[in-house]
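**Student:** Starting from these lines, generate the structure:
(one chain, ligands or ions: 4)
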Amino acid sequence: MTQCESGSAPAVVLAAAALLLVMANAPPAHAIGLKMPSYITACKKNDPNLNECVVKAGRNAIPHFINGDRKYKIPNLNPLTVYDFKVSQGTRSVGLKIHMKEATVLGLPELVFESAKVDLKKRHIEWNLKGETISITGIYNVTGNVLILPITGQGPANITLKNCAFNYTFDYDLKKQSDGKDYMKITNSNLKFDTTRVYVRLENLFNGDKLLGENMNRFINENWREVTQEIGPTIAGAVAEVFHQILTNISDLVPWEYAYV
Ligand SMILES: *[C@@H]1O[C@H](CO)[C@@H](O)[C@H](O)[C@H]1NC(C)=O
Ligand SMILES: *[C@@H]1O[C@H](CO)[C@@H](O)[C@H](O)[C@H]1NC(C)=O
Ligand SMILES: *[C@@H]1O[C@H](CO)[C@@H](O)[C@H](O)[C@H]1NC(C)=O
Ligand SMILES: *[C@@H]1O[C@H](CO)[C@@H](O)[C@H](O)[C@H]1NC(C)=O
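**Tutor:** Numbering: from 1, shown residues only. Ligands and ions are numbered 1, 2, ... in the order given. Sure, this is the predicted structure:
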């Protein structure tokens, strides 16, 4: 397995995690005071099996929000579109810059919510999700170096991860809003992922030079482990940011007391 940690990882994972978080946990903030979505069963604060309750509620809810829920500002996750997806690594002279105006993340509906650890005292939550296949596709624009080799090009990209395990953790505070109710505010979040294989396909590298392009694709795939270690954390960071946004949006709408009753 290859591990990546930090801001976040695959966009897909992040998106899925964000959704799950939102649903299972409930949320926070603008004094709008929406009730929990009807498809989410709130868990009892003092439930001795709180973790199991959250997982069950999350699993039941996923099919109901996977296509988005405008009322709760949950974007469509089937697939998820990540706008302005940027990965940059290293210094300007030797670094790598990847940009996708619109990245599509496929495979989120097949994610399985494996387990959760909810610590209401420490205000710390952990979600573990698994997915067999997650693909990120879109029109890429790349410049810089992959490991030691210079790379440049723009065209269709397909980055596919097999057997992914995602671990999303976050800390939160409760902030009272004008309606006198507490809303969740995320103070810290982290996304880690493991995968058994990453497949990368970048069309039209080097201005369409077939030989150079095929060689580079082969090089990346033969060295997928090292490449993933190098750029995985930044990708995770970008994805984590999307999750954070989704969660924050939901948290601002639903008072905490409706999430854990
Ligand atoms: C790719 O990046 C180059 C250099 O920054 C820029 O000139 C070009 O417009 C970009 N293309 C796309 C499709 O984003
Ligand atoms: C992306 O690549 C994977 C693995 O090579 C493949 O199974 C999948 O169909 C591709 N997805 C798209 C949208 O081309
Ligand atoms: C998830 O991450 C947290 C924080 O690093 C760690 O304590 C926990 O063991 C991880 N869980 C899994 C299932 O990897
Ligand atoms: C969060 O809400 C804002 C304001 O409605 C919206 O512009 C943004 O796209 C939402 N973020 C996500 C990740 O859905």
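
**Student:** where in the chain is pLDDT low?
**Tutor:** Along the chain, the parts satisfying pLDDT under 70 run over 1-31, 91-94.

**Student:** and the longest helix for it?
**Tutor:** helix 224-251 (DSSP state H).

**Student:** so does that one get close to ligand 4?
**Tutor:** Yes: under the criterion of C-beta under 6 Å from any ligand atom, ligand 4 is reached by helix 224-251 at 242, 245-246, 249. From N, CA and C alone the C-beta is placed, and that goes for glycine too.

**Student:** how about a markdown table for the residues you listed, with neighbour count added?
**Tutor:** Shown next, in a markdown table, are the residues of helix 224-251 next to ligand 4 (neighbours: other C-beta atoms under 10 Å):
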| residue | neighbour count |
| --- | --- |
| V242 | 23 |
| Q245 | 14 |
| I246 | 23 |
| N249 | 19 |
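
**Student:** now, among the residues you listed, which is nearest to A57?
**Tutor:** I246 (17.4 Å; C-beta to C-beta).

**Student:** From ligand 2, how far off is that closest one?
**Tutor:** Going from I246 to ligand 2 by C-beta to the nearest ligand atom, to the nearest Å gives 23 Å.

**Student:** give me the number of residues near the closest residue in space to E230 that isn't next to it in sequence?
**Tutor:** Excluding the flanking residues, the one nearest E230 by C-beta to C-beta, 6 or more residues apart in numbering is Q89, at 6.1 Å. Around Q89 there are 18 other residues, counting by other C-beta atoms under 10 Å.

**Student:** so who does Q89 touch?
**Tutor:** Contacts were defined as C-beta atoms under 8 Å, 6 or more residues apart in numbering; by that measure Q89 touches 95-97, 144, 230-231, 234.

**Student:** ChimeraX command for the buried members of those residues?
**Tutor:** The ChimeraX command for the buried members of the contacts of Q89 (criterion: 16 or more other C-beta atoms under 10 Å) is given here:
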select :96,97,144,230,231,234
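
**Student:** Which of the three states applies to the closest residue to ligand 3 within the stretch 51-200 of the chain?
**Tutor:** Sorted by distance to ligand 3 under C-beta to the nearest ligand atom, the residues of the stretch 51-200 of the chain start with N167, at 3.7 Å. Assigned with DSSP: H, G, I helix; E, B strand; the rest coil, N167 falls in the strand class.

**Student:** Let me know the helix or strand that the closest residue to it other than its chain neighbours is in.
**Tutor:** Leaving out its chain neighbours, the residue that sits closest to N167 by C-beta to C-beta, 6+ apart is K192, at 4.4 Å. In the assignment (DSSP states H and E), K192 maps to strand 182-195.

**Student:** Look up how far ligand 2 lies from N249.
**Tutor:** N249 sits at a distance of 28 Å from ligand 2 (criterion: C-beta to the nearest ligand atom).

**Student:** meant to ask about K185
**Tutor:** From K185 to ligand 2 the distance is 37 Å (C-beta to the nearest ligand atom).

**Student:** how much space between A61 and ligand 2?
**Tutor:** Using C-beta to the nearest ligand atom, we find A61 at a distance of 27 Å from ligand 2.

**Student:** just to revisit the earlier point, give the bridge partners for the residue nearest to E230, please.
**Tutor:** Here Q89 shows beta-bridge partners L96, assigned using DSSP bridges.

**Student:** With S135 instead?
**Tutor:** Assessed by DSSP bridges, S135 has beta-bridge partners L106, T160.

**Student:** I'd say it and A103 touch.
**Tutor:** No: using C-beta atoms under 8 Å, S135 makes no contact with A103, being 10.2 Å away.

**Student:** Which of these two has more residues huddled nearby?
**Tutor:** Set S135 next to A103 and count neighbours by other C-beta under 10 Å: A103 wins out with 28 against 17.

**Student:** Quickly find the element holding the more buried one.
**Tutor:** A103 is located in strand 96-106, with elements delineated by DSSP H and E.
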